[in-house]
Structure formats: C-alpha cells, structure tokens
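*Asks:* Build me a structure from this.
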Amino acid sequence: MNQSKRPQILVTGAAGALAQKVIALLRNDCNLVAVDFREQVYLGDDIPSYCIDFNKRGFEDLYRRYEFDGVIHLGRIISSQETRMRRYNANVLGTQRMLDLCHKYNIHQVVILSTYHVYGAVPYNPALIDEDAPLKAAGLSMDLIDSVELENLANISLWRFPELNITILRPCNIVGPGVRNSISTLLASQRAPVLAGFSPMMQFIHIDDMAEAIVLAWKKGQKGIYNVAPEDWVAYQHALKLCGCTRIPIPSIPPVLPKLILKTLNLRSFPPYLMSFFKYPVVIDGRLFAKEFDFRPKRSLKEIFRFYRENKNPV
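*Replies:* Just a heads-up that it's a prediction; the model follows:
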C-alpha cells in the first residue's frame, strides 16, 4: 500500500495493553502515532511515540505535524491509578482538549473508549441495560464523576460537531493477558474477597475481542453510542471459582470493606465505587453494536477463565 494514501491515526493511552493490541491490528494498514501522558513506549521504528500531557501545547503540535485523519482515544485512566484531581485533568480536561483539536483540525473520525460503569450499580437497574439508559454513576460515587463527564463531553461533541463522526464504546469488564484493572487483579488472585450474600451477574470481554471491536468501529466509522459485551454472563462468585480463586466472604460494611480487600489482596489501592458492582448486577445489552458492526467475540468465558486459572499471581 502507498504510504501516502494510508490514513493517519492518533492513538492515545499507548502505554496500556488494549491500545497496544489495537496498534498491532492497525499498523499494516495505517500510519500510527502513539501518545500517553504517563510514559513513552517503544512500539517499533515505524510508529512515533510521545509522552505528552493532552493539555500542553506539544499535544497540538502533533495535529499540525501529522495531519491526522482520525483519533482513537483510549487514554482514560481508572480511579485506582491516580488521584481524583489527576483523573479529572486527564479524563475530562484532556478529552475536552482532544475534541477541540479534532474540530479545529478537521478530523473526520473519532473513537472514544468509555466504560459500562457509567450506568452505575443500583438494585433497581433493568435486567438488560441498553444505550438509552440514564448514566447514574455520577450520583452514586465521586470516583465515577470524571467517567460520566468524559461521556457527556463526547455526547455534546457528537451532536454539536457531526462531521467528527464520533463513536463512543461502553464495554463490559475487559480482561485477559496484560490487563491491569481491578477485576482482572481479582480473577488472577489466589484468594478473592466476596461480599457475603452477594454474587451479581457479570460480563467479561477478552482484551483481544475488545481490540477487534475498536478496530471495527474505526473501519466502519458509524457515529453513535454502543455497548460492547458478549451475550453471555456469569455470577461473580462462580467466575472466581472457575478461575481457581479461593473465595473469602467478608461483611458488606462500607467503611471497612475497601481496607479488607486491600489487606486480602495486598494492594496499594482499590476503587471504593466497585463495592456496589459486587452487590448489584449491571448487565449491558451489546446487541446493537453486534448488529451494526457484525461483531461476535471469539474468546469464550471458558477460555478467559482458563487463562486466569493457569496464571495465578503469587500471594
């Protein structure tokens, strides 16, 4: 393929395992530029990589230099990784800056990774949550406000700047090799705490399938908001059993719970908002994305759980 005819794509969050999977799938067909505000990563001589704060001038310089055709925004950070203010600066102000630059430089396609956590975990959620459901998370936890505001910004730009062709993806729990989120840590642990009397239904998508979903969203370029999830789900405690975890029941006492989990797993931090997701099911309806993008996950729950069963973290 003629290099000059290949689309130029900016991929944010390049230090993450998911972004690197996406880059691997696109590198033969696109000219890629990788960015992360946490660290610079080497992805090969053919892919320029930068460590730049999205709110700094150097970020705009990349738009001028490379004349991007599209942006795949995977740079959202989760609450267990940074302080609340740093998360807000990165997730909200950084996303606002990215969208403003996309409008300024006539970008014609943007894919934004969100999360199913924006729906919030409450006892009166519907059995299957579609894309029109309200985003309740901001009213339930301060730690999810930045995730909801990120989505609100993307939604405003989706309708205000239709020429950007923004696609917002809300995946269920992303798990698998290289994933370092809280749920993956639990599945990989030898011993996993569970709330006594609770075992909500959960959904899991393999990182390889999620990377393929993002690439499909980029290639089709159909704007809108889409849940991304398989059509099967499993009770949380049963998932732990299938992963070979020893389940440790603990009382659901809010002030004590996060400390018990930290002590059990020997972790430095654990997002308190996840407590409600271990109580109440949040099962999202992924049929719209499956239909519009002809998407079917290839990795089964059996394969996902086998990986964690065979790759346990040391105690």
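*Asks:* Sheet-wise, list the partners of the one helix or strand Leu169 maps to with their directions.
*Replies:* For Leu169, the enclosing helix or strand under DSSP states H and E is strand 166-171. Strand pairing for strand 166-171, using DSSP bridges, gives strand 109-113 (parallel), strand 224-228 (parallel).
*Asks:* Name the residues that touch the helix or strand following that strand?
*Replies:* Heading C-terminal from strand 166-171, the first helix or strand you meet, by DSSP H and E, is strand 173-175. The contact list for strand 173-175 (C-beta atoms under 8 Å, 6 or more residues apart in numbering) reads 18, 116, 181, 183-184, 187, 202-207, 210, 304, 308. For every residue, glycine as well, the C-beta is placed using N, CA and C.
*Asks:* Grab the CA positions of the strand holding Leu169 and hand them over as PDB.
*Replies:* Output of strand 166-171 as PDB, limited to C-alpha atoms (Å, rounded to 0.1, in the frame of the first residue of the first chain):
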ATOM      1  CA  ILE A 166     -17.700  10.200  17.000                       C
ATOM      2  CA  THR A 167     -18.200   6.600  18.100                       C
ATOM      3  CA  ILE A 168     -18.500   6.000  21.800                       C
ATOM      4  CA  LEU A 169     -17.900   2.500  23.100                       C
ATOM      5  CA  ARG A 170     -19.100   1.300  26.600                       C
ATOM      6  CA  PRO A 171     -17.500  -2.100  27.100                       C
END
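*Asks:* pLDDT (mean, whole number) over it?
*Replies:* The average of the pLDDT scores along strand 166-171 is 96.
*Asks:* mind showing which ranges of this protein have poor pLDDT?
*Replies:* The chain contains residues with pLDDT under 70 at 1-4, 76-89, 138-143, 252-273, 313-315.
*Asks:* How are the strands of it distributed by residue range?
*Replies:* 8-12, 31-36, 49-51, 70-73, 109-113, 166-171, 173-175, 191-195, 201-202, 204-206, 224-228, 234-235, 246-250 (DSSP state E).
*Asks:* Nearest to Tyr42, out of those?
*Replies:* Of all the strands of the chain, strand 49-51 sits nearest to Tyr42, with 6.4 Å by C-beta to C-beta.
*Asks:* Buried residues of that closest one, list them for me.
*Replies:* 49-50 (16 or more other C-beta atoms under 10 Å).
*Asks:* From the chain's centroid, how far away is that strand?
*Replies:* 20 Å (C-alpha atoms, centre = their mean, to the nearest Å).
*Asks:* looking just at contacts, which helices and strands does it meet?
*Replies:* strand 31-36 (3 or more C-beta pairs under 8 Å, 6 or more residues apart in numbering; DSSP states H and E).
*Asks:* Partner strands of the strand it packs on and their direction?
*Replies:* Short version: by DSSP bridges, strand 31-36 pairs with strand 8-12 (parallel), strand 49-51 (parallel).
*Asks:* what's that strand in contact with?
*Replies:* Taking C-beta under 8 Å, 6+ apart as the rule, strand 31-36 contacts 3, 6-16, 19, 23, 26, 41, 43, 47-52, 54, 59, 62, 66, 68, 75.
*Asks:* my guess is Gly178 meets Ile207, correct?
*Replies:* Yes - between Gly178 and Ile207 there is a contact under C-beta atoms under 8 Å: 6.6 Å.
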